[in-house]
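Chemist: Provided below for reference: sequence and predicted model.
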Amino acid sequence: MSEHESTYVPKTGFERWMDSRLPIIRFGADYMSLPTPKNLNYWYTFGAILAVCLVTQILTGVVLAMHYVPNVDLAFASVERIMRDVNGGWLIRYVHANGASMFFIAVYIHMLRGLYYGSYKAPREMIWIVGCVIFFLLIATAFLGYVLPWGQMSFHGAVVITNLIGSVPVVGGPILTWLQGGPSIDNATLNRFFSLHYLLPFVIAGCVVLHLWALHHAGQNNPVGILIPKDRLAKDTVPFHPYYTVKDGFAIVLFLILFAVFVFYMPNALGHADNYIPANPLVTPAHIVPEWYLLPFYAILRAIPDKFGGVLAMGGAIAVLFILPWLDTSKVRSMRYRPQMRTQFIIFVLVCLGLGWCGAQLPDAPVVPGMPSFQLFDGQLNSYLWLTRLFTAYYFVFFLVLMPWLGLKETPRPVPLSISEPVLSGGDALPAGAAAQAEKKG
Amino acid sequence: MTESVVNADGEGQDATRRDFIHIAAGAAAVGAGAMVAWPLINQMNPSADTLALSTIEFDLTKVQEGQQVVIKWQGKPVFVRYRTAAEIEAARSTPLGDLKDPQADAERVVEGHEQYLVLVGSCTHLGCVPTFGTGDYGGWFCPCHGSHYDTSGRIRKGPAPTNLVVPEYEYLTDSRVRIG
């Protein structure tokens, strides 16, 4: 798949002239003719969907920056002015605000797809690692952006998150002051957050180029998870265009429908009412929670009774993704052929959703109201605190124990020799149900 | 033997002089890079006007017994609380062994002004503003992550590691303090 023969032939005089100077048309044409595994399902369309998300966020963001004022006295009012007075401003802001949520829906599905089909394994480690860098930048950008409207949640979210850095022993305090530009979150902080919020999406765009470069160099993974042998290349691949431009395009349209439902019918469903109250440093909202996409990490933070320990656990939850290619010891990429790992994967997805649910609850609240419980160390057993701890433990066990251990212990099902085999040979290498299920999932 | 071969044609000595130039040039580039980077990093530290807003004065007669006034100092809330006799008694009678961050009540107030408790109103966990009167220990409760503080602002329960900070302040007169 990688470094395929260029089939582009310049037709016009201009194309020939360009081709010997800046072969950018050849680059695009080669991209379109790229041999792509013919068995990619709809889970593989989220890369293209994410590209749409990034472009949407950059376009709407650049436009919003023409009206937004990064000053503590004016920021909130300038956002309200965008909503009320700027022509179509409400639409642009709602697209941008909901676009962040859409971005995270897509990125989480994209990551889980990579996890399920083993897309992080050799020779694709760098695709995965660059992807993790993009994910981290995405979190940072989303957080910085959420501070800009300077509402109550913006302000106190910024207080809490910057204080995480302050918990680092010895250097934490000076770094916190440096980051905030003063003894507390104030105008200096808002200004630099705006500057960085504008910068990071372009850094992400740069990383996306690296992500795609690595992808096309190592070659696209596929649901069967095998490398396509050279002699099967013609039979097992199709050109990217029109096969996947159309498939991606169709998925993008479906995704945009979901996007539009949020923007036009429930634009504030994913936000918090408190953020429509101007920031007040003297009063913290009674129930402070981050945006939904950060809730699982927030839950992990709260699960640890020690302040710095909580920060380490939260950081570790992201850091562990970077070393995943070396934690997984299995030689089989796709979990289609790893029944035990597949079960664990389903539990893992449920645990991540569970962590998100726990992150939105008060730690002391009972999980099952009225159920008798007892005090276990620092909290009632029947509380979100202990449920969160259970989920947090599984999150790390999944990566640090199950990944290395199951890979060695589990006997995978026979892996087909080619990606056509499961379809054409009547499925003796793969139970008929499994292929059908993959279709259903798409 | 190998060393003498390297040096035999004289090139080895040229190489060492060239190595020196390489290392010196490399070191100069790193030093210059650091010198360029420093102003770009340092500009993010608090500016002169931010640092200038470092003290504030407050008239204690504005607080009635049992009341708390919240003032803003360096962008952070400061609680000035006129404690009732019962609250002072509760703070004093707590054995130090019960405390996560042991500190006697007397160390947290100015002698002769024990009724006035002055605290930085930022939870020592992650900086939220605790509210008075809702905690398990008669003092403050932080809504963000559930830290409970007693009537002396000392941490009793929850994730916060230390007591609410008592800022540096002094009594200018019997009823006037300067914080900072």
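Modeler: Everything's here; your move.
Chemist: where do the strands sit along the chain?
Modeler: The chain I'm using is chain A. Chain-ordered strands for chain A, with DSSP state E as the definition, fall at A:35-37, A:237-239, A:375-376, A:379-380.
Chemist: meant chain B actually
Modeler: All strands of chain B, identified by DSSP E, fall at B:56-59, B:68-73, B:76-82, B:116-120, B:131-132, B:138-142, B:147-150, B:155-157, B:169-173, B:176-179.
Chemist: do the third one and chain A meet?
Modeler: Yes. Using C-beta under 8 Å from any C-beta of the partner chain as the criterion, contacts between strand B:76-82 and chain A involve B:76-77. The way it works is simple: take the backbone N, C-alpha and C, and place the C-beta from them, glycine included.
Chemist: Give the other helices and strands that that strand contacts.
Modeler: Helices and strands in packing contact with strand B:76-82 are listed as strand B:68-73, strand B:116-120; criterion 3 or more C-beta pairs under 8 Å, 6 or more residues apart in numbering or on different chains; DSSP states H and E.
Chemist: Including mean neighbour count, could those strands go into CSV?
Modeler: Putting the helices and strands packed on strand B:76-82 into CSV (neighbours: other C-beta atoms under 10 Å in any protein chain shown) gives the following:
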stretch, mean neighbour count
strand B:68-73, 17
strand B:116-120, 22
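Chemist: returning to that earlier point: turn the strands of chain B into TSV, including mean pLDDT.
Modeler: Written out in TSV, the entries for the strands of chain B read as follows (pLDDT from 0 to 100):
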stretch	mean pLDDT
strand B:56-59	90
strand B:68-73	91
strand B:76-82	92
strand B:116-120	93
strand B:131-132	90
strand B:138-142	89
strand B:147-150	90
strand B:155-157	89
strand B:169-173	91
strand B:176-179	92
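Chemist: Export those strands as TSV, with columns for distance to residue A:122.
Modeler: TSV is the format used below for the strands of chain B (distance: least, C-beta to C-beta, whole Å):
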stretch	distance to residue A:122
strand B:56-59	61
strand B:68-73	56
strand B:76-82	51
strand B:116-120	53
strand B:131-132	54
strand B:138-142	47
strand B:147-150	47
strand B:155-157	49
strand B:169-173	62
strand B:176-179	60
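Chemist: right, and those strands - which one's nearest residue A:204?
Modeler: Nearest to residue A:204 among the strands of chain B is strand B:76-82; the distance by C-beta to C-beta comes to 33.3 Å.
Chemist: relative to strand B:116-120, how tilted is that closest one?
Modeler: 170 degrees (axes from the mean of the first three to the mean of the last three C-alpha atoms, to 10 degrees).
Chemist: gap between the residue nearest to residue A:215 when sequence neighbours are not counted and chain B?
Modeler: Spatial nearest neighbour of residue A:215, chain neighbours left out: residue A:127 (5.2 Å); criterion: C-beta to C-beta, 6 or more residues apart in numbering or on different chains. Counting by C-beta to the nearest C-beta, to the nearest Å, the separation of residue A:127 from chain B is 31 Å.
Chemist: Nearest to chain B, out of the strands of chain A?
Modeler: strand A:379-380 (9.3 Å; C-beta to the nearest C-beta).
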